[in-house]
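Q: what's the 3D shape of this:
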Amino acid sequence: MAIELVRIDDRLIHGQVATTWTRNYDIEQILIIDDKTKNDPVQASVANFAVPAGVKVIIFGVSQFAEVMKKTEIKKRTMLLFTNPIDILQLVKEGLEISEVNAGGMRFRDGRNRLSKAISVTEEEDQAFRGLMEKNIHINVQMVPKDPRVDYKTLI
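A: Below you'll find the predicted structure:
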């Protein structure tokens, strides 16, 4: 499987993702896995405009991607882009094999606990991160590639 980066960023594709992360990992395609985005044609079209030339964007719902990953091998250098760890944990339980998650942007809002400048979580999201760690998946917090990686465990 050619998954180069699994990233959580609630803004999905924006300047940091479109430029630094895709270049740093020589990404050929970004798979956005998010039910809300899959069902929102406006957000879907914005995502396609924001990426560099030559990078393909495909949007899946979570259950849809679970079925796709069982039948299709990812061959291109790929970034999986999520808005939250809950969806990642669901896919890991369904067979997605990953060793690391990059958490780069989960904005603070009411009902969220701020853990760092970049990461604020609900109780359910924190439990999903802990569930991923229990499966020996490393969670690092890093907004851009030049920033130091911070282990999620040190924030909780």
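
Q: measure Met143 to Ile119 for me?
A: 9 Å (CB to CB, to the nearest Å). Quick note: C-beta positions are derived from backbone N, CA and C, even for glycine.

Q: identify the contacts common to these two.
A: Common contacts of Met143 and Ile119 (CB atoms under 8 Å, 6 or more residues apart in numbering): Gly105.

Q: for these two, indicate the residue with more neighbours.
A: Neighbour tally, Met143 and Ile119, criterion other CB atoms under 10 Å: the higher count belongs to Ile119, 25 against 18.

Q: surely Gly111 meets Val121?
A: No. Counting by CB atoms under 8 Å, Gly111 does not reach Val121; the two are 10.0 Å apart.

Q: neighbour count: those two, which is higher?
A: Val121 (22 against 8).

Q: quick check: that one touching Phe108?
A: No. Using CB under 8 Å as the test, Val121 is too far from Phe108 to be in contact (9.6 Å).

Q: which SSE is immediately downstream of the least confident helix or strand in the chain by mean pLDDT?
A: One helix or strand of the chain scores below all others by mean pLDDT, DSSP states H and E: helix 15, with a mean of 67. Downstream of helix 15, the next assigned helix or strand under DSSP states H and E is helix 22-24.

Q: and that next one, average pLDDT?
A: Across helix 22-24, pLDDT averages out at 89.

Q: please begin residue numbering at 382 from this point
A: Fine by me, first position is 382 from now on; the one you just mentioned is helix 403-405.

Q: give me the distance from it to the chain's centre.
A: Taking CA atoms, centre = their mean, to the nearest Å, one finds helix 403-405 lying 15 Å from the centre of the chain it belongs to.

Q: just the buried residues of it, please?
A: For helix 403-405, a neighbour-count test (16 or more other CB atoms under 10 Å) marks Thr403 as buried.

Q: what packs against it?
A: The contact analysis (3 or more CB pairs under 8 Å, 6 or more residues apart in numbering; DSSP states H and E) places helix 403-405 against no helix or strand.

Q: and the contacts of it?
A: Contacts of helix 403-405 (CB under 8 Å, 6+ apart): 411, 432-433, 436, 460, 526.
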